[in-house]
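1. let's see this in three dimensions:
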Amino acid sequence: MAAVSVLSIALSACGSDGAGSASAGAGAPEPSATTSPSAESNGIAELSAEEILRRTDALLGEASWYRQVVSFTEDFDSTGSTDLTFGSGGRCFGEVYDPSIGTLEMTRQGDDFWLKLDEESYVHAPADHDAIAAHAELCASPGLPESVLAGQPADSGLETTSLVVEEAEDQGRVPVVAVRREESGEGPDADTVTSELLIAAQGEPYPVQLRVVTDSPAQGTTTVEKFQYTQFGVDPGFETPAVEQTVEIDDLDFTLDLPAP
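-> Numbering: from 1, shown residues only. Below you'll find the predicted structure:
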């Protein structure tokens, strides 16, 4: 069985200029209508940083639906984006954009995963199938990134030097508070990671925005991950691809060659 890159598949469906990308197609998400100017404080600012992070992560896990749009840049150049909608019961769908191949459309329900091949067909596979497991993981359980919740992995050589709750400017009409974590290693060439999570201070304390900045003096680079959270509780009318449009991954006459997400 020949190995065929998914490049031609993705670009034939979506184009190579990124016009169909998650970042281009999504635009700037509108804030969810979870607060009003007259609403009282929800008390989130009175909690510790650790408790705010735990509660925010739990709210994402309990939400019936929400949308998460993420952009990735390195030294101001785009390195990709995702636009995924997560739902209860292990449901997820959306797009992943990689500048090198274009846009991949995916759907997940529990342990079942679908990847769009072209305008009329999808490939279906178990979510743990070797060929698609890394991409299926992008559409896995919702929640905050583990590195934001608990800090960078122990083997990273980075330690949290500061974890605080701060005041922050309103996001549109939404009053917010910020949880800021700073991490660094030893020596002048060690990486530093700064994350800032903005949480609604009125109504339900949903996350509004997360920004993670990694400075790497040794490589001379700065990478930024920006998460935007919207559309909490908005039912998108989720559907899995029709059986007649689906081919099983083991029945393909070629092998998917997906780059690592």
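2. alpha carbons only for contacts and neighbour counts from here, please
-> OK.
3. what ranges do the helices span in this structure?
-> 7-14, 22-26, 49-62, 133-138, 146-150 (DSSP state H).
4. correct me, but residue 127 touches residue 136?
-> Yes - counting by CA atoms under 8 Å, residue 127 touches residue 136, with 5.6 Å between them.
5. what do these two both touch?
-> The contact sets of residue 127 and residue 136 overlap at 108, 113 (CA atoms under 8 Å, 6 or more residues apart in numbering).
6. what is the burial count for the residue lying closest to residue 112 once chain neighbours are set aside?
-> With CA to CA, 6 or more residues apart in numbering as the criterion, residue 112 has its nearest non-adjacent residue at 5.0 Å, and that residue is residue 126. For residue 126, the neighbour count with other CA atoms under 10 Å is 18.
7. quick check: residue 126 vs residue 260, distance?
-> Here residue 126 is placed at a distance of 18 Å from residue 260 (CA to CA, to the nearest Å).
8. burial count for residue 238?
-> Other residues close to residue 238 by other CA under 10 Å number 14.
9. lowest-scoring secondary structure element of the protein by mean pLDDT?
-> Least confident element among the helices and strands of the chain, by mean pLDDT, DSSP states H and E: helix 7-14 (a mean of 36).
10. report the distance from stretch 203-222 to the chain centre.
-> Distance, stretch centre to chain centre, for stretch 203-222: 12 Å (CA atoms, centre = their mean, to the nearest Å).
11. buried residues in that stretch?
-> 203-215, 222 (16 or more other CA atoms under 10 Å).
12. endpoint to endpoint, it covers what distance?
-> One end of stretch 203-222 sits 35 Å from the other (CA to CA).
13. contact partners of that stretch?
-> With CA under 8 Å, 6+ apart as the criterion, stretch 203-222 contacts 31, 34-36, 39-42, 44, 56, 59-60, 74-75, 171, 188-200, 223-230.
14. which of these are buried, as a PyMOL select command?
-> Typed into PyMOL, the line below selects the buried ones among those, using 16+ other CA under 10 Å:
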select buried, resi 31+34+35+41+44+56+59+60+74+191+192+193+194+195+196+197+198+199+200+223+224+225+226+227+228+229+230
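15. now, the contacts of stretch 203-222 that are in strands?
-> Of the contacts of stretch 203-222, the ones assigned to strands by DSSP state E are 74, 192-200, 223-230.
16. ok, now which ones touch the closest residue to residue 95 other than its chain neighbours?
-> Leaving aside its chain neighbours, residue 95 sits nearest to residue 105 (4.5 Å; criterion: CA to CA, 6+ apart). Listed by CA under 8 Å, 6+ apart, the contact set of residue 105 reads 93, 94, 95, 96, 115, 116.
17. tell me the pLDDT at residue 105?
-> Predicted confidence (pLDDT) for residue 105: 96.
18. just the CA trace of stretch 147-164, in PDB.
-> The C-alpha coordinates for stretch 147-164 follow below in PDB (Å, rounded to 0.1, in the frame of the first residue of the first chain):
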ATOM      1  CA  SER A 147       0.800  23.100  31.900                       C
ATOM      2  CA  VAL A 148      -1.500  26.000  32.900                       C
ATOM      3  CA  LEU A 149      -3.200  24.000  35.700                       C
ATOM      4  CA  ALA A 150      -0.100  22.600  37.300                       C
ATOM      5  CA  GLY A 151       2.900  24.200  35.600                       C
ATOM      6  CA  GLN A 152       5.400  22.800  33.100                       C
ATOM      7  CA  PRO A 153       6.400  19.100  33.400                       C
ATOM      8  CA  ALA A 154       9.100  18.300  35.900                       C
ATOM      9  CA  ASP A 155      11.600  17.200  33.200                       C
ATOM     10  CA  SER A 156      11.300  20.700  31.500                       C
ATOM     11  CA  GLY A 157      13.700  22.200  34.100                       C
ATOM     12  CA  LEU A 158      11.300  25.000  34.700                       C
ATOM     13  CA  GLU A 159       9.700  26.000  38.000                       C
ATOM     14  CA  THR A 160       6.900  28.300  38.900                       C
ATOM     15  CA  THR A 161       8.300  31.500  40.400                       C
ATOM     16  CA  SER A 162       5.000  33.400  40.700                       C
ATOM     17  CA  LEU A 163       1.300  32.400  40.600                       C
ATOM     18  CA  VAL A 164      -1.000  35.300  41.400                       C
END
